[in-house]
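Chemist: 3D, please:
(one chain, ligands or ions: 1)
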Amino acid sequence: MAELFYELIHETYGQFFKMESILFEKKTDHQHLVLFETEFFGRVMALDGIIQTTEKDEFIYHEMLTHVPIFAHGQAKKVLIIGGGDGGMLRETLKHRSIEQATLVEIDADVIELSKEYLPKHSNGAFDDSRSQVIIADASQFVQDTSESYDIIIADTPDPVGPAKVLFSEDFYQNCRRCLRPNGILVTQNGTPFLQPEEIVENAKIFRSLFTDYHFYCAPVPTYTGGHMAFGWATDNTNARRQPLDILTDRFCLSQIQTQYYNPGIHQAAFALPTYIQTMFK
Ligand code: SAM
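Modeler: Next up is the predicted model:
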């Protein structure tokens, strides 16, 4: 009988995966990492018991956290990816020929090496792109110390547990703001509001105090169970979130980027939120 992987999202609710096989498992210097094979979702990675990514549905999350800010910005050249060790965010970012440099700051080198080996389609060669720069460090320290500045910062973090806790702090977002260029945009992985409302409520309080414009946008990622997956949006660029459809369409067509989820209509619609989510931060 195949083993089951249980993910407890909430003290009274979770999900499970039937594991066809365990591909790799270890306690790294930072977290427990397991990679396993499933019949429907393909290969799956979990860190400290929390699902990080699956081969089957990763495209939704990675496309929405890259193409939305990059097409909204319109002139992005430098991108900072916080976390993102599986390489999916780097892959989607570098599909934009206009991006000159993508810096990925990941605390756990094991995640990168094991993702290259067991989840090769995630990075799909992005780590070898001449525009990629990979730094193994605590990203909260990196954004505090760096003198570099970025047009887009993508916080591709786990939930606020373990080494990622610091990536949801006011200090961290303050330093991200310091590292943004004029018109720069910060986007964040912000949990599923239905099950994790505190992630939106807490981030909204911080974003409200630090940025001129903040909001959230959503997409359904099946294995981030609990309904809408929310992404934080924080910037002093008040036009970026309100790009008209024709501008987004021109930019998307010009880019010649192939996507499976993102398109200009979905980009705009993603910012239209259900009332129960709006009331969490209005
Ligand atoms: N898509 C996933 C999600 O929504 O939960 C996140 C994917 S990615 C695997 C998250 C990465 O953040 C992990 O590789 C983890 O090692 C990294 N990470 C956690 N804390 C970090 C920190 N303080 N600095 C840099 N990277 C960190």
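
Chemist: on contacts alone, who are the packing partners of the strand or helix carrying residue 34?
Modeler: In this structure, residue 34 sits in strand 32-38 according to DSSP states H and E. Counting contacts by 3 or more C-beta pairs under 8 Å, 6 or more residues apart in numbering; DSSP states H and E, strand 32-38 is packed against strand 13-19, strand 21-27, strand 42-47, helix 109-118. Bear in mind the C-beta positions are built from the backbone N, C-alpha and C, glycine included.

Chemist: try 10 Å
Modeler: When contacts are defined as 3 or more C-beta pairs under 10 Å, 6 or more residues apart in numbering; DSSP states H and E, strand 32-38 packs onto strand 3-10, strand 13-19, strand 21-27, strand 42-47, strand 50-54, helix 109-118.

Chemist: Report the strands that pair with that strand, each with its relative direction.
Modeler: Looking at strand 32-38 with DSSP bridges, its partner strands are strand 21-27 (antiparallel), strand 42-47 (antiparallel).

Chemist: Please state the offset of it from the chain centre?
Modeler: In terms of C-alpha atoms, centre = their mean, to the nearest Å, the gap separating the centre of strand 32-38 from the centre of its chain is 19 Å.

Chemist: Could you pull out the buried residues of that strand?
Modeler: Within strand 32-38, the residues that qualify as buried are 33, 34, 35, 36, 37, 38, counting by 16 or more other C-beta atoms under 10 Å.

Chemist: And stretch 111-126, by the same measure?
Modeler: Along stretch 111-126, the positions that meet the burial threshold by neighbour count (16+ other C-beta under 10 Å) are 111, 112, 114, 115, 116, 118, 119, 122, 123, 124, 126.

Chemist: so which of the residues you listed are also by the ligand?
Modeler: Checking those against the ligand by C-beta under 6 Å from any ligand atom, the ones in range are residue 111.

Chemist: Not counting sequence-adjacent ones, nearest residue to residue 21?
Modeler: For residue 21, the nearest residue in space outside its immediate sequence neighbours is residue 37; the separation is 4.7 Å by C-beta to C-beta, 6 or more residues apart in numbering.
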